[in-house]
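Visitor: have a look; sequence and predicted model below, questions after that.
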Amino acid sequence: MQSMGTTFYTSGLGVGNFLNSLLVTFVDRATRASAGKSWIGDNLNDSHLDYYYVLLLLLSVVNMALFMCN
């Protein structure tokens, strides 16, 4: 039973990392196409990571609201 729990835990982490990678790729492409300058760039001084973290905050708030409604 412990090995099954460990397997599900690590599988959940893997899926979460994969979805995070997809989100970063989507945000990078969408912001580069619309503004010409990505939120997630090579130079941290020119990037707008604060916008990305606000997006993550909004997604978390929506997730919490949907959780509370159910």
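Guide: Ah, there it is.
Visitor: top helix in this structure by residue count?
Guide: Ranked by residue count and defined by DSSP state H, the top helix of the chain is helix 2-35.
Visitor: tell me which residue lies nearest the centroid of this protein.
Guide: Centroid-nearest residue in the chain: residue 20, 4.1 Å away (criterion: Cα atoms, centre = their mean).
Visitor: contacts only, for that residue.
Guide: Residue 20 is in contact with no residue at all, counting by Cβ atoms under 8 Å, 6 or more residues apart in numbering. Any C-beta I mention is one placed from the backbone N, CA and C, and that applies to glycine too.
Visitor: gap between it and residue 27?
Guide: Residue 20 sits at a distance of 11 Å from residue 27 (criterion: Cβ to Cβ, to the nearest Å).
Visitor: and residue 57, by the same measure?
Guide: Per Cβ to Cβ, residue 57 is found 14 Å from residue 27.
Visitor: same check, this time on residue 2
Guide: 37 Å.
Visitor: residue 14 now?
Guide: Distance from residue 14 to residue 27, by Cβ to Cβ: 21 Å.
Visitor: and these two? which has more neighbours close in?
Guide: With neighbours defined as other Cβ atoms under 10 Å, residue 14 and residue 27 compare such that residue 27 has more, 17 against 10.
Visitor: so the more buried one is in contact with residue 35, correct?
Guide: No: under the criterion of Cβ atoms under 8 Å, residue 27 makes no contact with residue 35, lying 11.5 Å away.
Visitor: helix, strand or coil for residue 44?
Guide: coil (DSSP: H, G, I helix; E, B strand; the rest coil).
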